[in-house]
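Peer 1: 3D model of this:
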Amino acid sequence: GAGETSGELIYEYEFALGVPLVYGLLIGLTFAIATAYGSPLEALGLRGFRLRWIAIAFAVIVTAFVIEGIFSAAVGVDAGDEQGVLPETWRPERLPALLLNTFVTVTVVPFAEELFYRGLGVRVFAAFGAPIAIAVTALVFGFAHGILVALPGLVAFAAGLAWVRLRSDSVWPCVIAHGVYNGLVVALAVALAVSS
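Peer 2: Numbers count the residues shown, from 1 in each chain. A predicted model of the protein is given here:
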């Protein structure tokens, strides 16, 4: 009905309309703040990188999944169920919305979040040293997602990506890894929904 959603936002077209708008504002704000550092592109780490950082960032993904899996099993709650975005049931009639929203989830969301947290956030807090930059941005990223059961995995993921950002001097490996991470989460949720 009007005004109702399924609780599985990945099936709703409004998700694909609202997310780019909100994240577009975040990207604009991030670039505006980054101008205080001279070149925003330089400050945000929008530069080339060596390909080995992709492999290292993928190791961060695996580590985050392992930590999240262990913690979810220990507390008996699935983090994906808590957010209300991922599908719990298979709704083939909503496939176009699912595909569009998955595209947004693996492109717009990672770019905006990585630009803000690992691009700007790491740049700002690096003035206090690498450990502070990693810890602060990881904790803020984890808590910003609002899913306490997923906090250990999200913080590990964010800390690993912050380390990659510092060592590679580029935010792009983080953007790519974040997109892959989101894509894997959606694919796993869809596979579980289809099989149930």
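Peer 1: which residues of the protein score low on pLDDT?
Peer 2: 1-7, 78-84 (pLDDT under 70).
Peer 1: same thing but 90
Peer 2: 1-8, 68-69, 71-88, 146-150, 196 (pLDDT under 90).
Peer 1: And the helices in it, which stretches?
Peer 2: 13-34, 40-43, 52-75, 79-83, 95-114, 122-125, 130-144, 151-168, 172-195 (DSSP state H).
Peer 1: so can I have TSV of the ones you listed showing mean neighbour count?
Peer 2: Quick note: C-beta positions are derived from backbone N, CA and C, even for glycine. Formatted as TSV, the helices of the chain follow (neighbours: other CB atoms under 10 Å):
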stretch	mean neighbour count
helix 13-34	15
helix 40-43	16
helix 52-75	16
helix 79-83	18
helix 95-114	19
helix 122-125	21
helix 130-144	18
helix 151-168	22
helix 172-195	18
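Peer 1: among those, which is nearest Thr89?
Peer 2: Closest approach to Thr89 among the helices of the chain (CB to CB): helix 172-195, 5.6 Å.
Peer 1: Run through who's touching the closest one.
Peer 2: Contacting residues not belonging to helix 172-195 are listed as 10, 45-49, 53-54, 56-58, 60-61, 64-65, 80, 86-90, 98, 102, 105-107, 109-111, 113-115, 118, 157, 161, 164-165 [CB atoms under 8 Å, 6 or more residues apart in numbering].
Peer 1: Repeat that for stretch 108-125.
Peer 2: With contacts defined as CB under 8 Å, 6+ apart, stretch 108-125 is touched by 19-20, 23-24, 26-27, 30, 33-34, 37, 43-46, 132-134, 136-137, 140-141, 158, 161-162, 164-166, 171, 174-176, 178-179, 181-182.
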